[in-house]
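1. Would you be able to build a 3D model of this:
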Amino acid sequence: MRNKDALRFAVILLAISGMIFWGIRNTESREAPKVQSEHQQIDMIIESNAPEDRTIIAYYFHRTFRCPSCLQIEAWSFDAIQESFAQALEQGTIIWETIDIDKPENSHFIKEYQVSAQSLIIVEMTGNKQKRYENLEKVWKYLSDQQAFYEYVTREVNKFLTGS
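-> Modelled structure (predicted):
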């Protein structure tokens, strides 16, 4: 009986260790590439634009600890935007930014966009003034359907680009 308990414990411990290892490894390999890596760089880009210039910022807000679903949402969001709006990304009309809201210097985003967890927020800037923003909350709904996810993100970003 004692051997069975020890064996169960070892199997559970092994399973937990495997999940932790897979999560850490998955975090390293599935992180979306960053077009802009620091919020200060975005401020400089926005301030250098003339007031009539419009910029769309796609913020992916995350916590320091990131689960596989959160990493998938980030990767799919970036891929959808990159595939559909490559030229706008290259020209700086759209800016992709990932931000860890657990870092003290990023805490203002929590109040600014009412985020408490992983979120994809699309922001329209005119010059250096924020015109509007939207939290694309349905990314969680489409997590099991990559095509629907891409269509949703593309459609919502396009609304910002066209001013709809």
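
2. Report the next helix or strand after the helix or strand of the chain with the lowest mean pLDDT in sequence order.
-> The weakest-scoring helix or strand in the chain, judged by mean pLDDT, DSSP states H and E, is helix 39-48 (a mean of 39). Under the assignment DSSP states H and E, the closest C-terminal helix or strand after helix 39-48 is strand 54-62.

3. Quick check: buried residues in stretch 130-140?
-> L136, V139, W140 (16 or more other C-beta atoms under 10 Å). Just so you know, the C-beta spots here come from the backbone N, C-alpha and C atoms, and that holds for glycine as well.

4. List the contacts of that stretch.
-> The contact list for stretch 130-140 (C-beta atoms under 8 Å, 6 or more residues apart in numbering) reads 54, 69, 73, 76-77, 113-115, 119-125, 149, 152-153, 156, 160.

5. hang on, the earlier thing: could the buried residues of stretch 130-140 be laid out in TSV, adding pLDDT and distance to A88?
-> TSV is the format used below for these (pLDDT from 0 to 100; distance: C-beta to C-beta, whole Å):
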residue	pLDDT	distance to A88
L136	93	17
V139	91	20
W140	91	25
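
6. could you pull out the helices for the chain?
-> Under the criterion DSSP state H, the chain contains helices at 2-30, 39-48, 68-84, 86-91, 108-113, 146-162.

7. The ones you listed: lowest mean pLDDT?
-> When the helices of the chain are compared by mean pLDDT, helix 39-48 comes last with a mean of 39.

8. Domains in this structure, by residue range?
-> With domains defined by automatic domain parsing, the chain comprises 1-30, 33-162.

9. Flag every buried residue along stretch 151-162.
-> Within stretch 151-162, the residues scored as buried using 16+ other C-beta under 10 Å are Y152, V153, E156, V157, F160, L161.

10. Revised request: answer the last question for stretch 57-75.
-> Buried residues in stretch 57-75 (16+ other C-beta under 10 Å): 57-62, 66, 70-75.

11. ok, now stretch 87-97?
-> Going by neighbour count (16+ other C-beta under 10 Å), the buried part of stretch 87-97 is A88, L89, G92, I94, I95, W96, E97.

12. Could you check how far the third one is from M125?
-> Relative to M125, G92 is positioned 11 Å away (criterion: C-beta to C-beta, to the nearest Å).
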